[in-house]
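Student: turn this into a structure:
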Amino acid sequence: MATQDDFQERSAAFMRWLPSASASVSEKVKLEDLRHRGAGRGLIAVQDIQEGEVLFAIPRSAVLSAANSPLSTTLPQIFEDLDPWGTLIVTMIYEYLRGDASPWKPYFDILPAHFDTLMFWSDEELAELQASAVVQKIGKDSANELFNGTVIPLLRRHANVFFPDPSVAQGVTDDELLTLAHRMGSTIMAYAFDIEPDQATQEVDEEGYASEEEDEALPKGMVPLADMLNADADRNNARLHYGSDVLTMEAITGIKAGDEIFNDYGPLPRSDLLRRYGYSTPFYEQYDVVEIPTDLIVETLKAETKVSDEEIEEKVKENLPIRSSEPFSLTPPTPHSSPTSRTKTSSRPATTSAATPNKIPPPSRVLSWASCSPRSMSRTPTSSACRRRASSPSRTSPRRRPLCCGKLSPSAPPSTPPRLPKTSSAYLRALPTWVTPGRPWPTQCGSAKRRS
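Tutor: I've put the predicted structure just below:
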């Protein structure tokens, strides 16, 4: 663990490096040691700041990305079969192994070397999340497949490029390279941004949305200083803006001297905070959702409706762009209110009535109407405040605390089950969520402390 002097010196060296990378920082803000708050580093206002003021500006040339690394010209062909995640992982490994020769060395020095995200939890620790769908989304097996099958062989084939001294490569084991790849992948998960085009030129539809496909295809990059901002859904007071040449962090409200500058992760449920950043906080409770496996929905529809298996499979394929083994979040319909009797309690959906043989029956035992927005099903707003970033402003790696599991008392169904939409695009989105009675569910047990 870094000593107090090491921590402060690395922060100071990083701030001295920023001007050399053509970045500018307002004299009204300062990078502070917030470990006494369990918050690692953070940006603090040292003077009152007005709404709209630029807190700092980072040129696109200073962003750690494949486009800005010499690797893109030395070995351009290696990126052809890699997605944006793999591309940035390989780029960061290359720059990290360059050591002092990398222009981003002072930046690497303040990034965490160890993580407590779910990727690094033991089987015993993950067992505490037994009732949560988040365990299915960790992706450790797929990450290992990418690293062992693609990344490590690539590093070995081009050892003369990735290792300043090729003879050193022979002394580095595959396990050590795997650990390095996981470190870079976790750094990207917690710190990287989707590097959007100039906001003035980004293509949107008539409702002001960018397509999900466009969002997924955006290149990823590490934005120095922008990722030092901690996040808070309620106290968010700054936002990153994408210019043609410069990325600027601007105040979106007045900020008093002494206040911390907060970005926002967007509407992420706490399960995703735990998976991506290794901590949970009550400040994001408003974005919590209930997730159920898609294959459970499919099997229930097959058992409880007269719709053919083929039609069900086709509608799921059309409307849910995810694998059947993955969980998904349901968009809440608007309940209709009229006094009717409640459905008999059951852990399974009610039987379809003969009068509506092709309608999906609402489950009689519901936990809640999932509190997620349509972003999880189709489109993502172009506004930076609304976008669900796969990689948003940073968190230094927090110290892990176990979650406890409590018994949920499912809420009563609405007085009248919502009227199910007839259109196939909303076919499954109208389903309420349910859990098996008495099954434990993870609950938040206090804020996790963070470390650097």
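
Student: low pLDDT regions in the chain?
Tutor: Across the chain, the ranges flagged by pLDDT under 70 are 1-3, 198-217, 319-452.

Student: recalculate using a threshold of 80.
Tutor: Along the chain, the model assigns pLDDT under 80 to residues 1-5, 38, 130-131, 166-167, 196-217, 290-297, 313, 315-452.

Student: what's the closest non-adjacent residue to residue 47?
Tutor: Of all residues beyond its chain neighbours, the one nearest residue 47 is residue 28 (4.2 Å), with distances taken as Cβ to Cβ, 6 or more residues apart in numbering. C-beta coordinates here come from the backbone N, C-alpha and C atoms, glycine included.

Student: ok, how many other residues are close to residue 6?
Tutor: Neighbours of residue 6 under the rule other Cβ atoms under 10 Å: 12.

Student: correction: the previous question concerned residue 96.
Tutor: That count, for residue 96 with other Cβ under 10 Å as the rule, works out to 18.

Student: can I assume it is in contact with residue 108?
Tutor: Yes - judged on Cβ atoms under 8 Å, residue 96 makes contact with residue 108 at a distance of 5.9 Å.

Student: domains of this protein?
Tutor: With domains defined by the TED database, the chain comprises 4-198+216-287, 292-328.

Student: pick the most buried one from these.
Tutor: Counting by mean count of other Cβ atoms under 10 Å, domain 4-198+216-287 has the highest mean neighbour count of the domains of the chain, with a mean of 18.

Student: quick one: end-to-end length of it, please.
Tutor: The stretch domain 4-198+216-287 measures 36 Å between its terminal residues, going by Cα to Cα, to the nearest Å.

Student: about what we covered before: which residues are in contact with the residue nearest to residue 47?
Tutor: Taking Cβ atoms under 8 Å, 6 or more residues apart in numbering, we find residue 28 in contact with 45-49, 53, 55.

Student: can you tell me how far it is from residue 176?
Tutor: Taking Cβ to Cβ, to the nearest Å as the measure, residue 28 falls 43 Å from residue 176.

Student: residue 126: which of the contacts of residue 28 is nearest?
Tutor: Closest approach between the contacts of residue 28 and residue 126, by Cβ to Cβ: residue 55, at 38.4 Å.

Student: for the residue lying closest to that closest one once chain neighbours are set aside, grab phi and psi.
Tutor: Residue nearest to residue 55 in three dimensions, not counting chain neighbours: residue 249, with 4.6 Å by Cβ to Cβ, 6+ apart. Residue 249 adopts backbone torsions of phi -100, psi 120, taken as degrees, to the nearest 10.

Student: wait, isn't residue 249 in contact with residue 53?
Tutor: No - using Cβ under 8 Å as the test, residue 249 is too far from residue 53 to be in contact (9.9 Å).

Student: so what sits against both of residue 96 and residue 108?
Tutor: If you check residue 96 and residue 108 against Cβ under 8 Å, 6+ apart, the residues they both contact are residue 102.

Student: show me where the stretch 151-300 of the chain has helices.
Tutor: Using DSSP state H, counting those that start in this stretch, the helices assigned to the stretch 151-300 of the chain run over residues 152-157, 159-162, 166-169, 174-191, 212-217, 270-277, 294-304.

Student: so can I have CSV of the ones you listed showing distance to residue 241?
Tutor: Below are those laid out as CSV (distance: least, Cβ to Cβ, whole Å):
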stretch, distance to residue 241
helix 152-157, 35
helix 159-162, 35
helix 166-169, 42
helix 174-191, 19
helix 212-217, 17
helix 270-277, 23
helix 294-304, 36
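
Student: looking at those helices, which is closest to residue 83?
Tutor: Counting by Cβ to Cβ, and looking across all of those, nearest comes helix 212-217 at 8.5 Å.

Student: for the closest residue to residue 107 other than its chain neighbours, phi and psi?
Tutor: Taking Cβ to Cβ, 6+ apart as the measure, residue 107 lies nearest to residue 224, with 5.1 Å between them; neighbours along the chain are not counted. In this entry, residue 224 is assigned phi and psi values of phi -50, psi 140 (degrees, to the nearest 10).

Student: close enough to count as contact, residue 224 and residue 20?
Tutor: No - taking Cβ under 8 Å as the contact criterion, residue 224 and residue 20 are not neighbours in contact, 11.3 Å apart.

Student: if I pick residue 251, what's in contact with it?
Tutor: Residue 251 sits in contact with 49-53, 55, 237-238, 261, where contact means Cβ under 8 Å, 6+ apart.

Student: format those residues as JSON lines; extra columns: distance to residue 268.
Tutor: Shown next, in JSON lines, are those (distance: Cβ to Cβ, whole Å):
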{"residue": "49", "distance to residue 268": "26"}
{"residue": "50", "distance to residue 268": "29"}
{"residue": "51", "distance to residue 268": "25"}
{"residue": "52", "distance to residue 268": "26"}
{"residue": "53", "distance to residue 268": "27"}
{"residue": "55", "distance to residue 268": "23"}
{"residue": "237", "distance to residue 268": "18"}
{"residue": "238", "distance to residue 268": "17"}
{"residue": "261", "distance to residue 268": "19"}
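
Student: follow-up on the earlier one: and which of the contacts of residue 28 is nearest to residue 73?
Tutor: Taking these together and measuring to residue 73 by Cβ to Cβ, the closest member is residue 55, at 33.0 Å.

Student: ok, the closest one - contacts?
Tutor: Listed by Cβ under 8 Å, 6+ apart, the contact partners of residue 55 are 25-26, 28-29, 43, 49, 238, 248-251, 261.

Student: now these in CSV, please, with extra columns for distance to residue 129.
Tutor: Output for the contacts of residue 55, formatted as CSV (distance: Cβ to Cβ, whole Å):
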residue, distance to residue 129
25, 40
26, 41
28, 42
29, 37
43, 32
49, 40
238, 32
248, 39
249, 34
250, 37
251, 37
261, 32
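
Student: my guess is residue 30 contacts residue 46. True?
Tutor: Yes - using Cβ under 8 Å as the test, residue 30 is close enough to residue 46 to be in contact (5.1 Å).

Student: distance of residue 108 relative to residue 171?
Tutor: According to Cβ to Cβ, residue 108 and residue 171 sit 21 Å apart.

Student: measure residue 44 to residue 291 for me?
Tutor: Per Cβ to Cβ, residue 44 is found 36 Å from residue 291.
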